[in-house]
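Participant: need a structure here:
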Amino acid sequence: MSLPSEQNWLVLNHLITDLSKKGYDIPSGINPEMGLIRSTISSYKRDPSHPDLINGLAKAEMALNNIQGTLLTIAEEEGDEYVDHWLDLLKQVMKGEEVFEFAKSRSRFLVNTPPGLITGRINLRVPLAEERVQEIAEWNGLIIEFEDDVTVQVHGDKEDLQFGLKEMGSFFLEE
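Facilitator: The predicted structure follows:
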């Protein structure tokens with residue numbers, strides 16, 4: 001099930017695409033902002049109880065409302081019927097209906113990244129001894145998770161993570 005803000009994002013994303021195909025200029029800040037909003041929504045879905053993510057979602061929804069106003073103003077150039085079509089889709093979203101599906105992504109997002117920490121992911125060529133990574137992680141105050149024998153997630157403060165990953169750099173060369 002998707003969130004209303006996800007559906008709102010999808011409708012607006014489709015509207016942007018349609019307006020662009022029709023030759024309308026979309027203000028330059030909208031597409032980057034839409035990317036940030038999508039990231040915010042995805043982060044919130046990972047941990048809906050985290051206060052920072054709740055606040056982030058509220059800000060994202062306000063930004064979506066601003067973008068919606070801008071896009072509908074542009075859409076008015078196409079006529080009332082065109083605007084009514086998009087308004088109907090947005091009304092369906094407000095009722096909690098799923099209007100569009102998110103495209104299936106091959107990307108896998110880290111599910112349990114601790115809030116406030118930076119995460120790195122290492123894909124090795126060959127499995128390595130878990131103790132070696134554990135040792136580097138302990139020295140640098142990092143949290144590690146083994147997804148499988150060749151994939152490791154590392155969480156920590158930015159400087160600690162950068163230093164720890166540099167120390168683990170030699171693992172990438174092993175065959």
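Participant: may I ask which helix or strand of this structure has the lowest mean pLDDT?
Facilitator: Sorting the helices and strands of the chain by mean pLDDT, DSSP states H and E puts strand 118-123 at the bottom, at a mean of 68.
Participant: what's the following helix or strand after it?
Facilitator: Per DSSP states H and E, the first helix or strand lying C-terminal to strand 118-123 is helix 130-140.
Participant: let me see the mean pLDDT of that following helix.
Facilitator: Helix 130-140 carries an average pLDDT of 72.
Participant: buried set for that helix?
Facilitator: Buried residues in helix 130-140, counted by 16 or more other C-beta atoms under 10 Å: 133, 136-137, 140. C-beta coordinates here come from the backbone N, C-alpha and C atoms, glycine included.
Participant: I'd like these written out as JSON lines, with distance to Leu87 added.
Facilitator: Shown next, in JSON lines, are those (distance: C-beta to C-beta, whole Å):
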{"residue": "Val133", "distance to Leu87": "54"}
{"residue": "Ile136", "distance to Leu87": "56"}
{"residue": "Ala137", "distance to Leu87": "53"}
{"residue": "Asn140", "distance to Leu87": "53"}
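Participant: for these, work out which two are farthest apart.
Facilitator: Pairwise distances across those (C-beta to C-beta) peak at 10.9 Å, for the pair Val133 and Asn140.
Participant: does anything pack onto the longest helix seen in the chain? Which helices or strands?
Facilitator: Longest helix in the chain by number of residues (criterion: DSSP state H): helix 51-75. Applying 3 or more C-beta pairs under 8 Å, 6 or more residues apart in numbering; DSSP states H and E, one finds that helix 51-75 makes contact with helix 4-21, helix 30-46, helix 80-94.
Participant: tell me the predicted confidence for the spatially most central residue of the chain.
Facilitator: Centrality entry for the chain: nearest residue to the mean C-alpha point is Ser39, 2.5 Å, by C-alpha atoms, centre = their mean. Residue-level confidence at Ser39 comes out at 78, pLDDT.
Participant: gap between it and Gly69?
Facilitator: 22 Å (C-beta to C-beta, to the nearest Å).
Participant: show me where pLDDT drops low in this structure?
Facilitator: Scanning the chain for pLDDT under 70 picks out 1, 102-118, 120-131, 146-150, 170-175.
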